[in-house]
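> I would like to see how this sequence folds:
(2 chains)
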Amino acid sequence: MNDTLEWRDIAFLREVERLSGTPVSACVQCHKCSAGCPIGREMDLLSSQIMRLIHLGGEEEVLKCRSIWLCASCEACTSRCPMGIDVATVMDTLRILAARRKLRVPGKRGETFYRSFLSSVRRHGRIFELGMLTAYKFRCFDFLTDLDKARKLLAKRKLSVLAPRSANVAQVTEIFQRADEEERNR
Amino acid sequence: MKYAFFPGCSLESTAWDFKKSTLSVCAALRLELHEIADWICCGSTPAHASNASLAVALPVFSLLRARDMGMPVMAACASCYSRLRTANYKITHDPAECSRAERITGMPYDGSVQVQHILDVLANDLGTEEIRRNVSHPLGGLKVACYYGCLLSRPPEIVAFDDPEYPTCMEEVLRVVGAEAIDWPYKTECCGASLSITDPDVVRRLGYRLLSMAHRAGAECIAVACPLCQSNLDLRQADIGKSFGEVPEIPILYITQLLGLALGLSVDELALEAPAVDAMPLLAKHGILNPAEGGKRS
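As a prediction, this is how the structure comes out:
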């Protein structure tokens, strides 16, 4: 990692712009996105810093940062950007690229949650919360966090012990397969 | 008025009280809801953060079924609403997205099925005057902080039914049913959404900011219209107190539960026993419910 910021390679900027469909190069570093970010305090790189690092070709820096997995997709940055950059979608693109390159990322739990969630949808057509959360806990090897919440939810009938039934599971599986193909060709 | 109802996964589980109260309120206001029979999950954040094609295709699958019903779609979950609208937006603005979705779902779709949130339906389709006409049990000045969270008002070019920074439709609805909608600065701040699963510390900090601000602004309860806002503020309220210091208990109720009370619906019809923070003492204090009769309405 370089200590000084200097222009390295435009290929990464072009790739992020193509995949996100939003003009990252238009960023004028006003920092409005960072100022309004609810998670800014926990982030290792603020969103405006991420935009600048993309300009500079800092691929490794942004794809390995914790921030991209902490973004809650609240869309405040996207709504407020005076240059019309869809910052939240850029965060999505960076998560997709980081996952695709199988980087060892500090926010691994985010990716693990997404995988557990989507495999539940793939299997049932809808989310089976209890199954999805159990799979997530196994993958993270974390069984104790929020166990009390699960108990409360069960008592309030807010977690079903039975998986939902959707008539379209076969079609949903096809959608997942074709969407994976489309992503590979993007 | 008829709508194709998209409940979404949360309303089938963690937010079953939102579904029950939505169905009860819509029936009382003669809004006809027809559930999209074989809807599937919208994909939510896990889809748009890991596969952009899937994030469009999953909503389109359900929208195609709604198109055959010939009615506008109504969603109650803010995240489903946002994902369905985003899919429509992408399909109408980007021909490449449109043909990609067609290849994935195997059916052509032009993004034309109208998608509305229940707040939009209540405030704009039905209107506050019509709601006022149906009030039988006004809420007696109950002080409510209206909390919209993120996705009901952002980004404006996609959701577009109220002001993105300072929406007011929830306040308008609650005012006509006799509540006092207090003003507060955090109504569109984020609750942390699904970070509650991966990074609960962050969600506790955000929850504390929201609860303490609502309390300082004089709110006795918070009205929400999103399953994640509800669960992050309600289920985690005890933890938030432990981490950051006590804030007096604030019930977190769905807008449909509060509205339903004013329409004279019962505790059971509105699933008022479902939230973790008990709302009954507050509702009894305002004479909205009679605890001696087990919460029955007079």
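> relative to its centroid, which residue of chain B is most remote?
No residue in chain B sits farther from the centre than B:R103, which is 32.3 Å out by Cα atoms, centre = their mean.
> just chain A next, same as before
A:A155 (31.4 Å).
> one step back: for chain A, see how far away the residue farthest from the centre of chain B is.
Remark: distance between B:R103 and chain A (Cβ to the nearest Cβ, to the nearest Å) = 7 Å. Where C-beta positions appear, they are placed from N, C-alpha and C, glycine not excepted.
> got the contact list for that residue?
A:178, A:182 (Cβ atoms under 8 Å, 6 or more residues apart in numbering or on different chains).
> B:L58 now?
Contacts for B:L58 (Cβ under 8 Å, 6+ apart) come out as A:121, A:175, B:40-43, B:47, B:83.
> what two of those are the furthest from one another?
A:I175 and B:R83 (14.4 Å; Cβ to Cβ).
> picking up where we left off before, could the contacts of B:L58 go into TSV alongside secondary structure?
Listed next are those as TSV, based on DSSP: H, G, I helix; E, B strand; the rest coil:
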residue	secondary structure
A:V121	helix
A:I175	helix
B:I40	coil
B:C41	coil
B:C42	coil
B:G43	coil
B:A47	helix
B:R83	helix
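> so which of these is the closest to B:H34?
B:I40 (16.9 Å).
> how near is the residue lying closest to the closest one once chain neighbours are set aside to A:K32?
Leaving aside its chain neighbours, B:I40 sits nearest to A:G125 (4.6 Å; criterion: Cβ to Cβ, 6 or more residues apart in numbering or on different chains). From A:G125 across to A:K32, the span is 40 Å (Cβ to Cβ, to the nearest Å).
> same thing with B:E130?
Relative to A:K32, and taking Cβ to Cβ, B:E130 is found at 40 Å.
> which one of the two is surrounded by more residues?
A:K32 (18 against 13; other Cβ atoms under 10 Å in any protein chain shown).
> could you report the pLDDT at the residue lying closest to the more buried one once chain neighbours are set aside?
Nearest residue to A:K32 in three dimensions, chain neighbours excluded: A:R80, at 5.2 Å (Cβ to Cβ, 6+ apart). On the pLDDT scale, A:R80 is placed at 97.
> tally of neighbours for A:R80?
Count around A:R80 with other Cβ under 10 Å applied: 18.
> again, but for the one 3 residues further on
Counted by other Cβ under 10 Å, the residues lying close to A:M83 total 16.
> just checking, it touches A:C27?
Yes. Contact criterion Cβ atoms under 8 Å: A:M83 and A:C27 qualify, at 6.2 Å.
> the closest residue to A:L46 other than its chain neighbours sits in which helix or strand?
Leaving aside its sequence neighbours, A:L46 sits nearest to A:S34 (Cβ to Cβ, 6+ apart; 3.8 Å). Assessed by DSSP states H and E, A:S34 sits inside helix A:32-35.
> phi, psi of the residue nearest to the spatial centre of chain B?
Central residue of chain B (Cα atoms, centre = their mean): B:A225, 2.1 Å from the mean position. Main-chain torsions, B:A225, degrees, to the nearest 10: phi -140, psi 30.
> for B:Y254, same thing?
phi -70, psi 150.
> for B:S243, which non-adjacent residue is closest in space?
B:R204 (5.1 Å).
> I misspoke; the intended subject was A:S166.
A:S166 sits nearest to A:G125 (Cβ to Cβ, 6+ apart), 2.9 Å away.
> what is the burial count for A:N168?
A:N168 has 17 nearby residues by other Cβ under 10 Å.
> I misspoke; the intended subject was A:T145.
Count around A:T145 with other Cβ under 10 Å applied: 13.
> residues contacting it?
The neighbours of A:T145, taking Cβ under 8 Å, 6+ apart as the test, are B:P200.
> surely A:G110 is in contact with A:W69?
Yes. Here A:G110 reaches A:W69: they are 3.5 Å apart, a contact under Cβ under 8 Å.
> where do the helices sit along chain A?
Counting by DSSP state H, chain A has helices at residues A:11-20, A:32-35, A:47-55, A:59-63, A:67-70, A:76-80, A:87-100, A:108-124, A:129-140, A:147-155, A:169-185.
> now the third one, how far from the centre of its chain.
Chain-centre distance of helix A:47-55: 17 Å, with Cα atoms, centre = their mean, to the nearest Å.
> that helix and chain B, are they touching?
No. Against chain B, helix A:47-55 shows no contacts by Cβ under 8 Å from any Cβ of the partner chain, the least distance being 13.5 Å.
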